[in-house]
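**Student:** Following is a predicted model, sequence given first.
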Amino acid sequence: ALGDTGAGERSGSEKHEHYLCGTTDENHTCSDMGDAYKYTFTAWTEKNSLPKDSGWYYLTEDVTLDKTWAPTGGMAICLNGYNITMQTDGDVISLWSDLKLVDCKGGKGEYGKITHADGMSGHGVYLKNSAILTMYGGNITGNDVSTITDYTVKKDGGGVYAESGTSTIRQGRFTMYGGKITNNTAKNGGGVYNGSDRIFTMYGGSITDNRATNLGGGVFVDADSAGTAVFNVSGNVTITDNKENGSPDNIYLQEYSGKSAAITIGGELTGEIGVGAAAVPVTIATGADSDKDYSNIITSDYYKYKVIHDSDDKTKLVLVSKTPTQKHEHYLCGKIHTDIGDHTSDEQINFATPLWMDGTTLMKGSEAWKLTPTTLNGSETALYVLPKGSYYLGSDIKLTASICIREDVQLCLNGCSIISDDYNLGSVIVDTGSSDAFTLTDCQNRGAITHATGKNGGGVYMNGNSTKFNMYGGSITGNSGSGVYVTQYNT
């Protein structure tokens, strides 16, 4: 327990003294921190180094480092409103043991910072092996690992990087009761990278305005062969305004071999949390109150998805597609302009029918899109037959068989993806006659025809001898077979 560490003195001294939350008010409401006692901190007066021996310390001025601080044993440090700044490349703190980060603000009104000097790169805090970081206050900010060129240095977790576990070293922990993690940058997990088999518990505080160049602007929750990271939340938690290449990306839940990381709700939850995932539908949280409306607390980072209770288990929250209702109309190039170039004689196309996922059900318009027995090359197989018409994706769609197109079809990906979760000739099989064609466009320029991880097959397979495929936009990527298979007589 916090009160039993033996490292900090309890009240009765005239030294720097307060609760772990930073207040001296005996009527404070921070008992959920295990914060039943006032602790006494010993002054640290050096300005170019930090303590090596275990103990409870507070800063008396800003500290500037030229090498990474690696505290040993049990230690607590109160920033007292002052900053710890790394003035060279390298991590500010490399933690192998137990550190409590506290900040009473010292009457300054703002948290002290764990940060880097301008132009310098490194993590704010790097948690090694079974290290334990408990954060009660302070601001981990201004740390950037996204531009590091040394391949031996991890480019994930700009603010806090909790390295992934192994078969023998597991259960490092990061617990956040308060403070801020803001304005950090990394490849994955701009604010926090929670490695597989690590435990990140958030009872309060905020993670905001961080950036990722790949995934998880705020928090990246990992899953790999070693296991799935644990991310517990309760209390008043804020994870908002984090971005991935300019797009909202607050919490990214990694999926590995069909198993996705998830949030665990550990009690009463308030605040605001944004969340995203690689594909929907997916469970994004467990431990929910089955009678509680979380719609204003946990929200989707992507406007076409929403968070709801699982219909089979109300203690789970799932990320699903919203029912598409908007009008979808534009030119084949994806634009909506009315008088430019060859569009002077063209008409905008009304992509009238959405293809989308309602939970785990594949939908075509307002009806379930069911497999149809179809004869293809002399053999009967079950396919998703798409009849003549103009369609758009209302969400990512996951296929258990190929789409078969035999009439004139126009499809806008609308920034979403066709994801084949099966072994097949192609996610889309085009088998049209000479007078019809499959025409593909994408008004959002980020959709794809692809395969799920570990599944083999092509993108677009042009069957027969007279099929036509016109591509104005979208991406055909991530397929183990041909992106587009074209025979001698196809166009």
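**Tutor:** Structure's in. What do you need?

**Student:** low-confidence ranges in the stretch 251-400 of the chain?
**Tutor:** 325-326, 335-346 (pLDDT under 70).

**Student:** how about 80 then?
**Tutor:** Along the stretch 251-400 of the chain, segments meeting pLDDT under 80 span 257-259, 278-280, 303-304, 321-327, 334-347, 359.

**Student:** from memory residue 362 sits against residue 398, does it?
**Tutor:** Yes: between residue 362 and residue 398 a contact is recorded at 7.5 Å, counting by C-beta atoms under 8 Å. In short, each C-beta sits where N, CA and C put it, glycine included.

**Student:** What count of nearby residues applies to residue 36?
**Tutor:** As a burial measure, residue 36 scores 13 neighbours (other C-beta atoms under 10 Å).

**Student:** quick one, what contacts residue 413?
**Tutor:** Applying C-beta atoms under 8 Å, 6 or more residues apart in numbering to residue 413 gives the contacts 392, 393, 440, 441, 442, 444, 447, 448, 449, 473, 474.

**Student:** distance of it from residue 349?
**Tutor:** The spacing between residue 413 and residue 349, counted by C-beta to C-beta, to the nearest Å, is 14 Å.

**Student:** helices and strands around the longest strand seen in the chain, which ones?
**Tutor:** Ranked by residue count and defined by DSSP state E, the top strand of the chain is strand 263-277. On a contact count with 3 or more C-beta pairs under 8 Å, 6 or more residues apart in numbering; DSSP states H and E, strand 263-277 meets strand 230-240, strand 251-253, strand 282-286, strand 298-300, strand 317-321.

**Student:** most tightly surrounded among the ones you listed?
**Tutor:** With neighbours taken as mean count of other C-beta atoms under 10 Å, these reach their highest mean count in strand 251-253, at a mean of 27.

**Student:** Any figure for the gap between residue 203 and residue 446?
**Tutor:** Computed as C-beta to C-beta, the residue 203 to residue 446 distance reads 36 Å.

**Student:** Contact partners for residue 275?
**Tutor:** With C-beta under 8 Å, 6+ apart, residue 275 has these contacts: 250, 251, 253, 263, 284, 285, 298, 299, 300, 301, 307, 319.

**Student:** Show me which of the residues you listed is closest to residue 272.
**Tutor:** Distance to residue 272, by C-beta to C-beta, is smallest for residue 299 among the contacts of residue 275, at 7.2 Å.

**Student:** Can you get me a residue count around the spatially closest residue to that closest one that is not a sequence neighbour?
**Tutor:** Nearest non-adjacent residue to residue 299, counting by C-beta to C-beta, 6 or more residues apart in numbering: residue 274, 5.6 Å away. For residue 274, the count of nearby residues is 22 (other C-beta under 10 Å).

**Student:** Now do the contacts for residue 274.
**Tutor:** Contacts of residue 274 by C-beta under 8 Å, 6+ apart are 218, 239, 240, 242, 248, 249, 250, 251, 298, 299, 300, 301.

**Student:** Distance to residue 39 added to the residues you listed, as TSV?
**Tutor:** Below are these laid out as TSV (distance: C-beta to C-beta, whole Å):
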residue	distance to residue 39
218	30
239	29
240	32
242	32
248	39
249	37
250	33
251	32
298	34
299	37
300	41
301	39
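
**Student:** nearest spatial neighbour of residue 42, skipping sequence neighbours?
**Tutor:** According to C-beta to C-beta, 6+ apart, the nearest residue to residue 42 is residue 57 (5.4 Å).

**Student:** How about the contacts made by residue 60?
**Tutor:** Counting by C-beta under 8 Å, 6+ apart, residue 60 touches 43, 44, 45, 80, 82.

**Student:** Same check on residue 214?
**Tutor:** So residue 214 contacts 187, 188, 244 (C-beta under 8 Å, 6+ apart).

**Student:** what's the closest of those to residue 63?
**Tutor:** When the contacts of residue 214 are compared against residue 63 (criterion: C-beta to C-beta), the nearest one is residue 187, at 28.3 Å.

**Student:** That closest one - how many residues pack around it?
**Tutor:** 21.

**Student:** With residue 176 instead?
**Tutor:** 26.

**Student:** Can you give me the separation between it and residue 137?
**Tutor:** 10 Å.

**Student:** Over to residue 455?
**Tutor:** The value you get for residue 455 to residue 137, if C-beta to C-beta is used, is 47 Å.

**Student:** Among the contacts of residue 214, show me the least confident.
**Tutor:** Model confidence across these bottoms out at residue 244, which has 92.

**Student:** the more surrounded of residue 455 and residue 137?
**Tutor:** residue 137 (23 against 18).

**Student:** Report the contact partners of that one.
**Tutor:** Neighbours of residue 137 in contact, by C-beta under 8 Å, 6+ apart: 21, 22, 79, 101, 102, 103, 104, 105, 111, 178, 179.

**Student:** how does it look with 10 Å?
**Tutor:** 20-23, 78-79, 81, 101-105, 111-112, 177-180, 205 (C-beta atoms under 10 Å, 6 or more residues apart in numbering).

**Student:** In strands, which of the residues you listed appear?
**Tutor:** Counting by DSSP E, the contacts of residue 137 contribute 78, 101, 102, 180 to strands.

**Student:** now the residues you listed as JSON lines including pLDDT?
**Tutor:** Below are the ones in strands among the contacts of residue 137 laid out as JSON lines (pLDDT from 0 to 100):
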{"residue": "78", "pLDDT": "97"}
{"residue": "101", "pLDDT": "97"}
{"residue": "102", "pLDDT": "96"}
{"residue": "180", "pLDDT": "98"}
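
**Student:** among the residues you listed, which two are most distant?
**Tutor:** The distance between the two most remote of the ones in strands among the contacts of residue 137 (C-beta to C-beta) is 15.8 Å, for 78 and 180.

**Student:** So for these two, which residue has more residues nearby?
**Tutor:** Per other C-beta under 10 Å, whichever of residue 78 and residue 180 has more neighbours is residue 78, with 29 against 24.

**Student:** Can you select the buried ones from the contacts of residue 413 in ChimeraX?
**Tutor:** The ChimeraX command for the buried members of the contacts of residue 413 (criterion: 16 or more other C-beta atoms under 10 Å) is given here:
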select :392,393,440,441,442,447,448,449,473,474
